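Asker: quick one, what's the 3D model for this:
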Amino acid sequence: MRYVTLFLCGLLFALGLGVSGMTNPEKIIAFLDVTGDWDPSLLFVMGGAVGVNMLFYRLTLKRPRPALETSFVIPSLRKINTRLISGAALFGVGWGLTGYCPGPVVVSSVTGWPSVLAFIAAMLAGMLLFQKLQGEEPRPAGGSEK
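Answerer: Predicted coordinates:
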């Protein structure tokens with residue numbers, strides 16, 4: 001039942017990304033182009049997502065445990081450091097140049113478009129390179145750290 005629930009949550013998320021236009025790189029670039037032909041429509045998508053998260057995050061943490069896990073996993077590191085800033089900057093530059101973001105590009109992979117597949121290959125290569133440079137063992141996709 002756990003995997004069915006996870007699949008349905010992922011499917012709902014993928015549908016939301018598709019319906020909202022987050023899988024369309026032209027729409028993303030138009031949203032990020034605030035000095036040119038700006039398309040502010042994704043503000044509603046982000047505003048809705050942030051609002052729902054703010055409400056349900058607090059409500060969820062009031063529960064004794066998550067529905068499908070034995071305990072909550074909340075990051076303890078709260079410092080803003082160079083690694084965080086450089087990672088965010090790299091993400092933002094990549095998003096602005098390509099119009100692709102990791103979640104929506106995975107949804108877009110069903111199209112088979114060469115630009116989508118090239119982005120996914122580059123993203124996976126970057127993730128593996130980062131793990132290698134950090135001396136980390138590659139983690140299995142979708143696996144939990146238990």
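Asker: quick one: the residue of the chain lying at maximal distance from its centre and F44, what's the gap?
Answerer: Most distant residue from the mean C-alpha position of the chain: P64, 26.7 Å away (C-alpha atoms, centre = their mean). Per C-beta to C-beta, to the nearest Å, P64 is found 34 Å from F44. To be clear about C-beta, it is placed using only N, CA and C from the backbone, and glycine gets the same treatment.
Asker: try A122
Answerer: For A122, the distance to F44 - C-beta to C-beta - is 30 Å.
Asker: if you count surrounding residues, which of the two has more?
Answerer: Neighbours per residue (other C-beta atoms under 10 Å) separate A122 from F44, with A122 holding more: 13 against 10.
Asker: can you pull out the helices in this protein?
Answerer: Along the chain, counting by DSSP state H, helices occupy 2-20, 25-32, 42-61, 82-98, 102-108, 114-134.
Asker: out of those, nearest to I74?
Answerer: The closest of the helices of the chain to I74 is helix 42-61. By C-beta to C-beta, the value is 8.1 Å.
Asker: contacting residues around S41?
Answerer: 21, 27, 31 (C-beta atoms under 8 Å, 6 or more residues apart in numbering).
Asker: which residue is the nearest non-sequential neighbour of the residue sitting nearest the centre point of the chain?
Answerer: With distances taken as C-alpha atoms, centre = their mean, G103 lies nearest the centre of the chain, 4.4 Å away. Of all residues not flanking G103 in the chain, L17 sits nearest, at 6.2 Å (C-beta to C-beta, 6 or more residues apart in numbering).
Asker: likewise A67?
Answerer: Using C-beta to C-beta, 6+ apart, the nearest residue to A67 is T5, at 8.0 Å.
Asker: neighbours of that neighbour, just the number please.
Answerer: Neighbour number of T5 under other C-beta under 10 Å is 11.
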